[in-house]
Structures are given as C-alpha cells and as structure tokens.
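Asks: A predicted structure for the sequence below; I have some questions about it.
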Amino acid sequence: MGKSGDSRVRGIAARAGGWSARHRWAAVGIWVLFVVLSMGLGSAAGRVDVKESDQLKGETHTAAKIIEEAGIEEPASESVLVQARDGRLKATDAEFRQAVEAVVKAVEGTGQVTDVTSPYDTHTISKDGHSALVQFDMRGESDTAGERVEPVLKAVDGVQKEHRSLRIEEIGGASMMKTFSDAFGDDFQKAEYSAVPVAFGILLIAFGALVAALLPVLLAITAIIATMGLMGLASHVVPMSDTANSVMLLVGLAVGVDYCLFYLRREREERAAGRDAQTALRIAAATSGRAIVVSGVTVCVAMAGMLFTGLAEFEAMGLASLMVVAVAMVGSVTVLPALLSLLGKRVEKGKIPYLHPESRLRRNRGRGNGESRFWTAVLKGVLAKPAVSVVVAAGALLAISVPALGMKTQQLTLDQEFGDSLPIVQTYNRLNEAFPGGSQPAEVVVRAKDINAPEVKSALAEFRTRAVSSGASRGPVEIKLHDQQNVAFVYVPLVGGSDLDKAGASLDKLRDEVRPATLGKVDGLDAPITGQVAGSEDFNDQLGGAVVPVFAFVVVFAFALMLLSFRSLTIAITSIVLNLLSVGAAYGILVGVFQHGWGASLVGAEGVGAIITWLPLFLFVILFGLSMDYHVFVVSRIREARLRGRTTKDAIMHGVVTTAGVVTSAAVIMVAVFSIFGTLSMQSMKQMGVGLAAAVLIDATIIRGVLLPAVMALLGERNWYLPKWLHRLPDLTHDESPEAIAPVMRDDEGEPVKV
C-alpha cells in the first residue's frame, strides 16, 4: 500500500477513509467514546430551553422584558366554562348558581389555585345569559403549570358529573399546555418508534442483506444520540426546544442513512466489478466519501441560514440540524470505512433470497441489470429529446408551483392545530362563541412612573371604554394592578376570537387607534400589547424581514460550494435553479393541500386554511440542503465518467443510471420517514412531513431523472465551463482525479489509488 501522503489522493474523505481502514479498532473506539462522552456531558450539563420572553422581538418582546424586569411572575390563567346544554337554564337560575359555587369550591379545594373569581362578581356572563366563566390562576411558575393542573381538571370533572344538565369544562394556559405536551409527546414517540423500523425495512429491500441494512441505521442512531448530548451543551449558548428535537431526529435519520447508503453501495459496486475489498473501499472513500463531504458541508451551510432569522425557535432548529448533519457526515467518512474493513465479506451476512443483488443478477441474466432498466429507458427518451423534456418537466413543476403565489402563513390556533381530535378544542370553540376572544385576550402591559397617578388611572379607564366603543372588543376588559412595580395588565378579549385575520384587525385597531388616543398621551408611559394574536403578528413580521437575508445567504453559499467542488460555473448555476424549482413545487403542493384543501382528506388536513408561519423558511433551508445530497452524488458520478474519457452524453447516461438505484433507495427512505410525520395529529407536523416528502419525491424523480440530464445534455461541453478569471479559485476536486477512479491494476506497482 502506498504512503498516506501520496499526492494523488489529497482529499479529506479519502485520507479519513484510508486512516480508518488501517486503524479499524481505533476508529470504532474513538466513535463509541465520542458518542458516550457527548451523551454523558450533555446529560450532566442539562438542557436550557427557549424562554418565552426570548422567542420574539417587537412589542411581544418588550412586554415580556417589562414583566421580567418588574419581577412579576405571571401565573397561568385558567377558566371553567359553565354552560347550559339545551339553552334552557340561565346564569340567574338556582341550579346554575349552585354549579358555579360547586366549581369555585372544588378548584379552591385542590390547593393548586389562587385568585378564584365568580362570574357574578366579575360579570363574565355571556350576552345570552346561558354561559359563565369561573376564572383563577395556577400557583407556581406558569412554565410548569401544565404539570400541576391534573388535580384541578379532575375536580372540575367531578362537578360535571353532579350537574348533567350543564356543560362544565376547563380551559386555559395550563390545561392547553398539558394537552399540547401529551399530544406532542405521543406524536413524537409514534414518529420515533416507526421511523427507524421503516428505514430498516427499506434498507433490507435495497441491500438484500441483514448486516448491510443494519449499518446505516446504527450509524444514524448513534449520530442522533451523540447530537442529543451536544444539544444539551450547545443549549447553554443557543437555547433548544422540543421542535428542534423532532427536526433533529427527522434530519438525522434521513441524512445518516443516506450517507451510509451512498458509501456502502459504491463499495459493493466496486467489489462486484472484481476489485478486492481494500481497493473497493479506497475507491468508495475517494468518490462517494467526497460526495458525502461536499453534500454534508452544503447541508450544514444551508442549516446555518436559520441562525440569521433572530428567532429563537429557528436558531434552535438550525443549530440542532446542523450538528446532526455534521456528526452523521463525520461518522460516514470515518467509522463506516473502519466497520466495512472489519466486516469484509461478512457485510453480506444474512442474505435475503430474491432481494440480494446476486439473486437479482441470476434472475436478470441476459437482460442486463434489472435495477437500472427503468431509468435506462427513461434516460434514452430524455436524451433523445432533451429540449422537449426540459419544457415538459419544467412546465409541470412551474404549474405545481403556481398556488404558492397565494400562500397565507399564520400561527395555527388550537382548533387548526388539532382539528376536532381533542375535547379541549371543542371547549375552545364554545368559549370563543360565548365570549369572543376570551380564550386569547390581547394583553396590554402598562408601565408608568406611578401607576396610581391620576392621569394614568384616567388613561386606563379611557382605554377600557374605547377598546369596546371602537369595536375592537366586546368586553369585559379586565385591569390588574401591581402597585409596587408600577405595572398594570389590561386584558382585552378581541373581536374575531379564534379567526386570526379578524382578531388581527381588532389588534391593529387597539395598537393604532385606541392606544395612541388614550395611554399614548401620558408621558413616560410604556404600553406594549402582547398575547397570542400579537405574538402571531410579530412573528410574521419578523420572519418576513428574515426571509431575504436567509434566502440570499443559503443561495450564495450553496452556489460558492458547488463552484469550488465542481470547478464549473454552469453546474453551480444549474444546481441552484433546479433546487429553487423543487422548493417552489413543494410550496405549491403545501398550499394546494393545506390552504385550499385539494386532496386534504387524504392526509387528514381539512379546514386548516393556512400554512404555519415558520414552515416556508424552514422548508426552504432543509430542502435546499437535502436536495444537494442527490445533486452532488449524481453530478459527481457524471463528472467521474467524463474524466474517464466518455462523451458528455455518455457520461450523463452512465452517471444517472449507475446512481439510480442508490438515489431511489435514499429517496424512498426519506419520503417514508417524512411521511410518518405527515400522519401525526398535529397539523404543523403534518404540514412539515407532507412538504418534505413531496419535495424529496419531486427531487429524486423529475429533477434528478429528467431535468438534470436534459439540461446537461442541452449544454453539452458547456457544462464544464469555468471562466479564466475564476481559475485561481481553490481546487477542491482532488479526489476525482482520473487516477483515483480509473480501473485498478492487480499488482501493487503504480497502483492508482494510494491512501
């Protein structure tokens, strides 16, 4: 074997693969130690989650900061809706009064609540007189109130059993938190438990051998475990979140399995071509290993785009995704070659009849390789008429993208998020009907030099009156004073209730008309307006401002990486254009299904009517990263064939057909894993799953199988165009020198791939 410093193979992937193959046990030991240490240190450090006050900028953030600086612990508020079932009983009737008193007594008896108010004192009785609200606060920190609300819910349920003619139901911050975390936890577990077996099953079909199928899954799982630990450490700098967790699992499984698949299939292909195990491994390291590094770095750069949004949730998702991709990439080019070197031919252990390549080869003898017959047929048609193929495929994708022009984004309300699958959603709808906006009032946080000064009191009273007379609220507007801190909270139920468009218009009225005319006239007074509707608006505004810089960052860096990796201006430009086309098509499908409801019943998404605010930007970043996987892999293979002396047309045919099997397998795994998220009960997870699955499917079929070869065929030799003034760019194409990939001589003298 040649010296490790041989100048003919200078690429990181080839050197890493060579070192690992020579120091097999050391490489495996270092990886195991890294995973164990990451997990241990992460557990010891603990995880810091995103604080509510840091979630957003704008008025929502200002309000949270005022509350934080004043040292006021805002408790989680709860309401019990007492409502006549048949519309017969009224709040003034004795039976109704008894039920209200029983609720007050029951919730106070739990010892978990404070400030219990009766609707007869606070006038929280609906206009028709058939509904009333008992309101109270949970003791202790609001962030953890969901964990303590169970006894209160049971006490309310006990009163319900004694008063069958009335509907007695609890709703509020704590009970919604509990419902949300229960549903989210169940969803996440469902995804976790089904994603790994699904990926393993597809790998079994792809490889036809038990050990070969187990390797990618094991590597992906260890990468996820290590990243969980690293997330704990990183959370002390960038706080993490539950959403970041599920995104990390999703991305980690997809790329971890993909990268191994690329490496394993290439190593197996070289062995099938008659090369010995060592040589096959070196070629896989120099080619697929390099493609993995280029792809992994591109994905990491795309994920880094999320760090520029200024939104804590996005930063958490971006960093978690970036870390899991980096860990999976490092594992694929270090520990995987070591394991393959250790296993040798044992990687084919546990052969499955009819699925193993040898069985397929025997069945297809005389008919060519059955695996690529479909793509061979497609490619022949595409390359015969490339212009027609481009027009048809690009036209179809542009048509699918059209609905995206009317995309409407918003934070999903409870009924949009869960549909009618949860009882609390029905309570939420009933409460909004009886008390419009009562479940999500706008909250005005008023800070003054002296909250009891006459001009402040008069401004507060005027604000309360005008909020109702302006049509922004139907009342009751509640004011809570904190004399010591000189802070007041004003709760305004917004007209529009759970309809965020109408509630948003009411909020704008408060912010732009009512506040300037009342509280705005008092010098030195701050009065930011927060609450769920305000949070949704502020989030939308901030995200809107982040879209252009994030898009620009991802596109520019991806372009630069492709330019350096392939030393071709044409390939860099076509990569970006094709990726943008697949993202546009994914947006179109998302809007068609979830906003317009076309075929929504197929994924259980009726009546959502909007796309969750964070998804378009998130999808762009993730898809731009993930679609580079296939692009880099296919184009690397085309370039490799071109370097061997084939014509561009032949190289395209060879590159697409030889990668068809691995790209199809990788895409099927990604689509299957993402589709699992499409089956979950939360609409936000469903939208993410469907959007990702649709995009990957389009990417692996129409883009890679039709558009890419057709565009490259039309461009011909111009595919490899690099202007002279760009020749000074660093050369990152070492691993794909003709020597590294040419057929290997059997003797050691002049062996082309030296590691």
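Replies: Alright, I've got the coordinates.

Asks: would you confirm that residue 571 contacts residue 562?
Replies: Yes: judged on Cβ atoms under 8 Å, residue 571 makes contact with residue 562 at a distance of 6.2 Å. For every residue, glycine as well, the C-beta is placed using N, CA and C.

Asks: tell me where the model's unsure across the stretch 101-250 of the chain.
Replies: By pLDDT under 70, the low-scoring segments of the stretch 101-250 of the chain are 183-188, 192.

Asks: could you redo the last one with a cut-off of 50?
Replies: Within the stretch 101-250 of the chain, no range satisfies pLDDT under 50.

Asks: can you show me the strands along this structure?
Replies: 77-84, 113-117, 131-138, 166-172, 409-410, 442-447, 478-482, 487-492, 529-530, 611-612 (DSSP state E).

Asks: and the average pLDDT for the first one is what?
Replies: Model confidence over strand 77-84 averages 90 on the pLDDT scale.

Asks: for the remainder of this discussion, apply numbering that starts at 88.
Replies: In the new count, where the first residue is 88, that last one comes out as strand 164-171.

Asks: what's the angle from that strand to strand 200-204?
Replies: Orientation note: strand 164-171 sits at an angle of 40 degrees relative to strand 200-204 (axes from the mean of the first three to the mean of the last three Cα atoms, to 10 degrees).

Asks: so what strands line up beside strand 164-171?
Replies: With DSSP bridges as the test, strand 164-171 is paired with strand 218-225 (antiparallel), strand 253-259 (antiparallel).

Asks: looking at those, which is nearest to residue 492?
Replies: With Cβ to Cβ, the closest approach to residue 492 among the strands paired with strand 164-171 belongs to strand 253-259: 37.4 Å.

Asks: roughly how far out does the closest one sit from the chain middle?
Replies: 34 Å (Cα atoms, centre = their mean, to the nearest Å).

Asks: for residue 307, which non-adjacent residue is spatially closest?
Replies: residue 343 (2.8 Å; Cβ to Cβ, 6 or more residues apart in numbering).

Asks: count the residues that sit near the nearest residue to residue 792 once chain neighbours are set aside.
Replies: Nearest in space to residue 792, with sequence neighbours left out and distances taken as Cβ to Cβ, 6+ apart, is residue 465 at 5.9 Å. Counted by other Cβ atoms under 10 Å, the residues lying close to residue 465 total 19.

Asks: ok so, going back, go through the strands of the chain and name the closest to residue 284.
Replies: Closest of the strands of the chain to residue 284 is strand 698-699, at 28.0 Å (criterion: Cβ to Cβ).

Asks: what's the mean pLDDT across the closest one?
Replies: So the average pLDDT for strand 698-699 ends up being 88.

Asks: elements contacting it?
Replies: Helices and strands touching strand 698-699, as assessed by 3 or more Cβ pairs under 8 Å, 6 or more residues apart in numbering; DSSP states H and E, comprise strand 496-497, helix 770-785.

Asks: so which of the strands of the chain is nearest residue 122?
Replies: That would be strand 698-699 among those, by Cβ to Cβ, at 33.3 Å.

Asks: ok, now which ones touch residue 169?
Replies: Taking Cβ atoms under 8 Å, 6 or more residues apart in numbering, we find residue 169 in contact with 178, 183, 186-187, 190, 206, 218-221, 253-255.

Asks: low-confidence ranges, the stretch 738-842 of the chain, go.
Replies: 821-842.

Asks: about what we covered before: from what I see, the residue nearest to residue 792 and residue 794 are in contact.
Replies: No: the criterion here is Cβ under 8 Å, and residue 465 misses it with residue 794 at 11.9 Å.

Asks: okay, helices next: where are they in the stretch 138-287 of the chain?
Replies: For the stretch 138-287 of the chain, applying DSSP state H, counting those that start in this stretch gives helices covering 145-157, 181-196, 206-209, 237-249, 260-294.

Asks: give me the buried positions along the fourth one.
Replies: Within helix 237-249, the residues that count as buried by 16 or more other Cβ atoms under 10 Å are 239-240, 242-243, 246-247.

Asks: looking at these, which is nearest residue 393?
Replies: When the buried residues of helix 237-249 are compared for distance to residue 393 (Cβ to Cβ), residue 240 wins out at 36.8 Å.

Asks: show me the contacts for that closest one.
Replies: By Cβ under 8 Å, 6+ apart, the contact set of residue 240 is 257, 262, 265.

Asks: can you rerun that using 7 Å?
Replies: Contacts for residue 240 were tallied using Cβ atoms under 7 Å, 6 or more residues apart in numbering; they are 257, 262.

Asks: for stretch 773-791, what is the distance to the chain centroid?
Replies: Counting by Cα atoms, centre = their mean, stretch 773-791 is centred 14 Å from the centre of its parent chain.

Asks: what's in contact with that stretch?
Replies: Identification of contacts with stretch 773-791 by Cβ under 7 Å, 6+ apart yields 480, 484, 665, 669-670, 672-673, 676-677, 680-681, 690, 692, 698-699, 702, 706, 709-710, 713-714, 717, 721, 750-751, 754, 757-758, 761-765, 767.

Asks: can you add distance to residue 122 and give the helices of the stretch 138-287 of the chain back as JSON lines?
Replies: Shown next, in JSON lines, are the helices of the stretch 138-287 of the chain (distance: least, Cβ to Cβ, whole Å):
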{"stretch": "helix 145-157", "distance to residue 122": "38"}
{"stretch": "helix 181-196", "distance to residue 122": "48"}
{"stretch": "helix 206-209", "distance to residue 122": "56"}
{"stretch": "helix 237-249", "distance to residue 122": "37"}
{"stretch": "helix 260-294", "distance to residue 122": "16"}
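
Asks: residue 540: which of these is closest?
Replies: Residue 540 sits nearest to helix 145-157 of all those, at 17.0 Å, using Cβ to Cβ.
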